[in-house]
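Participant: structure, please.
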Amino acid sequence: MIARYALYVALLACLALGGWSMRLMWANASLTVKNASLERSVAAYQAQAEQSALARDVEKARAERFAQESADMAAKIETLLTGGIPDAALDPAIIDLLNGLRD
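Facilitator: Alright, predicted model coming up:
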């Protein structure tokens, strides 16, 4: 009789351990999938950060180019206003603007 109860207890313990083991396996599989998703997200964020850095560099170069063009144009206008003749050819838009002001 005691052997029968011991067998039942051993069987229940095995079932309980098997169920716990299955639960841990499912949790592990779920965490593995979530980990892969997070790794893809990190890779996407890193690529986005690299693209943002490149865009900042491009915009900085563009701003520097426009600042230089603006400074050159301001120098040409100043030369015209003070009666000098600029060394470089004027932008056609400035010529049109000056001709429009004279008319």
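Participant: and the longest helix along the chain, how far from the chain's centre?
Facilitator: Criterion DSSP state H: the longest helix present in the chain is helix 2-81. Centre-to-centre, helix 2-81 and its host chain are 11 Å apart (C-alpha atoms, centre = their mean, to the nearest Å).
Participant: which strands or helices does that helix pack on?
Facilitator: Identification of packing neighbours for helix 2-81 by 3 or more C-beta pairs under 8 Å, 6 or more residues apart in numbering; DSSP states H and E yields helix 92-102. The C-beta positions use only the backbone N, C-alpha and C, and glycine is treated the same way.
Participant: which residues does the helix it packs on contact?
Facilitator: With contacts defined as C-beta atoms under 8 Å, 6 or more residues apart in numbering, helix 92-102 is touched by 73, 76, 77, 80.
Participant: for those residues, which one is nearest residue 14?
Facilitator: residue 73 (87.5 Å; C-beta to C-beta).
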